[in-house]
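>>> model this:
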Amino acid sequence: MSDVLSQSEIDNLLAALSSGELDAEEIKDTKEKQIKNYDFARPSKFSKEHLRTLNIIFEHYARLLSTNLPAYLRKNVQVEVINSEAVTYSEFTNALSNPVLLGIVDFTPLQGNIIIELADKLGYAIVDRMLGGEGYPLDKARDFSEIELTIIERILNICTNLLRDPWQNVIKINPRLTKIETNSQFAQIISPSEMISIVTLNIKIGNIEGMMNICLPYVTLEKVIDKLNTKYWYSTMKLNDNKSYQDVIEVAISKAQIPIRAVLGRSTISVHDFTNLQRGDIIKLNTKVDDDLQIFVGKLHKFAALPGASSGSYAVKITSIISGEE
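Numbers count the residues shown, from 1 in each chain. Next up is the predicted model:
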């Protein structure tokens, strides 16, 4: 009854209107509450809190993709979470076009599967990049060949394995890519009317952009749905997760390519002698035949070595490691 005005309050309000202190038009402009229709035949099983927590999980996943994929594609990769929403499975499948790349992932120990949908132009770009190209998609979409699917399967396996760490605070999972479908009709993992959550990620490989959609059925997450809230997430988060990031960084660095050069020796000659060099001329170096060669990693003098041959090619044998730059 707190919304009912007393007689004195009514008198004060009428007096304010009469004196001009209160404008009647301002009262009329008061916004009415927006009412949202609720379909009891299709109850939303994912709350805003659930979707918010999924956003946090897949933001972590996006960072892992951005760190690990460049080591395999040898190109800059940027991944960010666009949004997460709850829809029916039929709405998800009806929005798919053929050909499509659907990775069916077993989400053990949770029941059922999830789906990783990769934009077809990203698939073409990955194939082109893995085969030595610049990473450009096709001008016109076509079906993927068996060889192309095998190449894409390797990348999807990496994406699947990277799901473990982001879900660690909720449940320890052992995801496994079971198969890849290129036709949405063969990916009916649940009933069309079942509710799912879709997390959309934007992936940029070089200058090529495309979407990755993660389809998470409610029946799969039902066992841990109560843990999908920010309070539980932060309460179980490890205070020091530097070790996990350290492992990721070490893997990325270990796959990086670095230039190495062996220096036989050095010499100085005049420009006149240089311009008159002929085949068979000898240039005297500042090193002896039995001296160790200097091995540089980039610009850093890191090793000493002896010259030799291996399988018909020139080679060097490391004799010592230089502790500091010399």
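
>>> pLDDT at Lys204, what is it?
Lys204 is assigned 90 on the pLDDT scale.

>>> just want the most central residue of this protein.
Leu65 (2.7 Å; Cα atoms, centre = their mean).

>>> what strand or helix carries that one?
helix 48-73 (DSSP states H and E).

>>> which helices and strands does whichever helix or strand comes after that helix pack with?
Where DSSP H and E defines the elements, the next helix or strand beyond helix 48-73 is strand 77-88. Applying 3 or more Cβ pairs under 8 Å, 6 or more residues apart in numbering; DSSP states H and E, we find strand 77-88 packed against helix 48-73, strand 195-205. Yep, even glycine has a C-beta here, placed from its N, CA and C like the rest.

>>> strand partners (parallel or antiparallel) of strand 77-88?
strand 195-205 (antiparallel) (DSSP bridges).

>>> for the helices and strands packed on strand 77-88, could you give me TSV that also reports distance to Ile171?
As requested, the helices and strands packed on strand 77-88 are arranged in TSV below (distance: least, Cβ to Cβ, whole Å):
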stretch	distance to Ile171
helix 48-73	11
strand 195-205	16
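
>>> tell me which of those sits nearest to Asp226.
Distance to Asp226, taken as Cβ to Cβ, is lowest for helix 48-73 among those, at 9.6 Å.

>>> so how far is the closest one from its chain's centroid?
Mean-position distance between helix 48-73 and its chain equals 6 Å (Cα atoms, centre = their mean, to the nearest Å).

>>> so which bits of it are buried?
By neighbour count on 16 or more other Cβ atoms under 10 Å, the buried set for helix 48-73 is 50-51, 53-54, 56-58, 60-70, 73.

>>> can you confirm Phe46 is in a strand?
No: under DSSP: H, G, I helix; E, B strand; the rest coil, Phe46 sits outside any strand and is assigned coil.

>>> need the pLDDT of the residue nearest to the centre of the chain.
So Leu65 comes in at 91 (pLDDT).

>>> can you give me the helices in this protein?
Assigned helices in the chain, in chain order: 7-19, 24-28, 48-73, 89-94, 120-130, 146-161, 218-221, 230-236, 242-254, 271-275 (criterion: DSSP state H).

>>> can you pull out the low-pLDDT segments for the stretch 101-250 of the chain?
By pLDDT under 70, the weakly predicted segments of the stretch 101-250 of the chain are 230-248.
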